[in-house]
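In: Build me a structure from this.
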Amino acid sequence: MAPSRPTVPVLQGPLPAGAPVLVIGATGQVGRHVVASLLARGARVRALLRDPDRADVPAGVERVRGDLRDVASLRAALRGAGAAFYVTPHETDERELARTVLAACEAERVRLVFTGVHVHARNPVTEAVMRVVMGRVLPHYRGKIALAREVARHPLRPVLVVPGNFMQNDEVFADEIRAGRYVTPLSAKGVNRVDLRDVGDVVARALVDGDLAPGAYDVSGPASIGGAESAAVWAAELGHPVAYLGDDDELMARTFARYLSGHRLADWTASFRVLRRISMPTKPRDVAATRELLGREPRDFATYVRDTVTAWRAEEQDERADAGAVPAGAGAGTA
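Out: Take a look at the predicted model:
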């Protein structure tokens with residue numbers, strides 16, 4: 001066995017005042033919640049963006065042009081940062097991209113917090129068995145499982161935040177839900193679902209406070225919930241029926257293809273077909289660990305749905321107000 005590489009010295013403890021945090025993937029599903037949590041903590045946020053001028057990021061975020069496939073731009077974006085966040089994208093070269101981020105963070109001596117699909121256990125034999133089983137059940141995720149293991153073993157000694165099924169996945173199909181159709185397959189026995197706002201808060205703590213020891217941390221929702229139950233929660237909040245249609249493979253394929261593409265479409269299609277057949281029970285120890293990480297109770301699915309519907313209605317009101325606004329000078333008589 002080759003000797004292990006020495007640990008890379010990086011910043012320990014709280015970030016120095018003014019030291020930026022680089023968020024890679026700041027406009028993505030996970031990254032935007034990390035950005036929001038960092039800003040709420042008063043952190044200085046720097047975002048790596050392919051097109052800074054057109055990127056949808058909040059005011060106050062430092063926009064830096066760069067690309068993971070351009071190592072020089074990534075190194076430049078990391079320079080002077082105290083910490084960085086990275087989540088694996090749905091790309092065919094995801095493992096090479098992760099190695100690029102690891103190498104750049106190592107070169108710049110930057111603390112790394114990573115989020116992805118990671119199989120871990122205290123007992124190495126148990127972990128090995130879990131990894132084999134997970135790879136067989138979800139073959140599309142073998143690359144992600146392998147790269148997360150590589151990240152976990154890297155001399156940077158990163159923190160890995162490992163969430164359950166995202167509640168916010170539902171928003172990809174918001175138009176379908178509003179129309180009364182819940183097409184996402186989920187086991188009737190329930191799948192643990194976590195609010196990405198909670199994930200963002202845990203990641204921000206790891207990035208800014210630096211008080212989490214290197215290693216993997218599961219972030220769990222308070223309960224498992226199935227597809228039909230998810231549809232019922234949406235129906236109650238929206239005030240109209242929402243039918244669970246997750247058992248219709250043809251409908252799922254058509255709907256997923258309408259809202260997803262590329263590697264992400266393949267990953268989601270494969271994984272949700274599995275999640276229709278198997279449950280993901282909620283473990284009390286994971287909920288307790290999440291509670292400790294957050295310093296509060298994790299958000300439940302009903303709270304997520306209520307907050308989301310409230311935001312949708314506010315957006316609709318704003319759109320109606322804009323549509324009904326009278327342009328300056330309109331209605332005035334002309335001589």
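
In: Please make it C-alpha for all contacts and neighbour counts, starting now.
Out: Noted.

In: Show the subsequent helix or strand relative to the least confident helix or strand in the chain by mean pLDDT.
Out: Averaged element by element with mean pLDDT, DSSP states H and E, the chain has its least confident helix or strand at helix 124-137 (a mean of 55). Counting by DSSP states H and E, the next helix or strand C-terminal to helix 124-137 is helix 142-152.

In: Ala204: what's it in contact with?
Out: Val34, Ser37, Leu38, Arg41 (C-alpha atoms under 8 Å, 6 or more residues apart in numbering).

In: which one of the residues you listed sits closest to Gly82?
Out: Leu38 (13.2 Å; C-alpha to C-alpha).

In: For burial, what's the neighbour tally of that closest one?
Out: 22 (other C-alpha atoms under 10 Å).

In: Look at it and give its secondary structure.
Out: helix (DSSP: H, G, I helix; E, B strand; the rest coil).

In: what's the distance between it and Asn192?
Out: 25 Å (C-alpha to C-alpha, to the nearest Å).

In: Give the residue spans of this protein that score low on pLDDT.
Out: Filtered on pLDDT under 70, the chain yields the residue ranges 1-4, 118-141, 143, 325-335.

In: Could you pull out the helices in it for me?
Out: Applying DSSP state H to the chain gives helices spanning 31-40, 71-78, 94-108, 124-137, 142-152, 174-178, 196-208, 227-238, 249-259, 262-277, 284-294, 301-324.

In: Present these as TSV; the columns should include distance to Val87.
Out: As requested, those are arranged in TSV below (distance: least, C-alpha to C-alpha, whole Å):
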stretch	distance to Val87
helix 31-40	8
helix 71-78	15
helix 94-108	9
helix 124-137	19
helix 142-152	10
helix 174-178	23
helix 196-208	11
helix 227-238	26
helix 249-259	21
helix 262-277	14
helix 284-294	19
helix 301-324	22
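
In: Just name the most buried of those.
Out: helix 196-208 (a mean of 24; mean count of other C-alpha atoms under 10 Å).

In: list the contacts for Ala257?
Out: Leu265.

In: cool, Ala81 as well?
Out: Counted by C-alpha under 8 Å, 6+ apart, Ala81 has contacts Ala19, Pro20, Val21, Leu22, Val110.

In: swap the cut-off to 10 Å and go again
Out: 11, 15, 18-22, 44-46, 105, 108-111 (C-alpha atoms under 10 Å, 6 or more residues apart in numbering).

In: again with Asp218
Out: 118, 120, 160-164, 199, 285-287, 289-290, 293.

In: again, but for Arg99
Out: Contacts of Arg99 by C-alpha under 10 Å, 6+ apart are Cys105, Leu147, Glu150, Val151, His154.

In: Isn't the third one up against Phe114?
Out: No: Glu150 lies out of contact with Phe114 (C-alpha atoms under 10 Å); the separation is 11.5 Å.

In: what is in contact with the two at once?
Out: Joint contacts of Glu150 and Phe114 (C-alpha under 10 Å, 6+ apart) are Ala98.

In: beta partners for Ala47?
Out: Val23, Arg63 (DSSP bridges).

In: Now do it against Val57, distance only.
Out: 8 Å.

In: the more surrounded of those two?
Out: Ala47 (28 against 17).

In: circling back to that earlier point, can you pick out the ones from the contacts of Ala81 that are in strands?
Out: Judged by DSSP state E, strands contain the following of the contacts of Ala81: Val21, Leu22, Val45, Arg46, Arg111.

In: State the number of residues packed around the second one.
Out: One way to gauge burial is a neighbour count; for Leu22, by other C-alpha under 10 Å, it gives 31.

In: and what of the last one?
Out: For Arg111, the number of neighbouring residues by other C-alpha under 10 Å comes to 27.

In: what's the closest non-adjacent residue to it?
Out: Ala83 (4.3 Å; C-alpha to C-alpha, 6 or more residues apart in numbering).

In: Okay, and the beta partners of the one you found?
Out: Applying DSSP bridges, one finds that Ala83 bridges with Val21, Arg111.

In: and it, what does it touch?
Out: 10-11, 15, 19-23, 105, 109-113, 206-208, 210.

In: I'd assumed Glu94 was in contact with Arg142.
Out: No: in this structure Arg142 lies outside contact range of Glu94 using C-alpha under 10 Å: 11.1 Å.

In: Check the contacts of Arg99 and tell me the two furthest apart.
Out: Cys105 and Leu147 (15.7 Å).

In: would you list the contacts of Asp218 in CSV and tack on distance to Pro185?
Out: Converted to CSV, the contacts of Asp218 look like this (distance: C-alpha to C-alpha, whole Å):
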residue, distance to Pro185
His118, 22
His120, 26
Leu160, 27
Val161, 25
Val162, 22
Pro163, 19
Gly164, 15
Val199, 23
Arg285, 26
Asp286, 24
Val287, 24
Ala289, 28
Thr290, 26
Leu293, 30
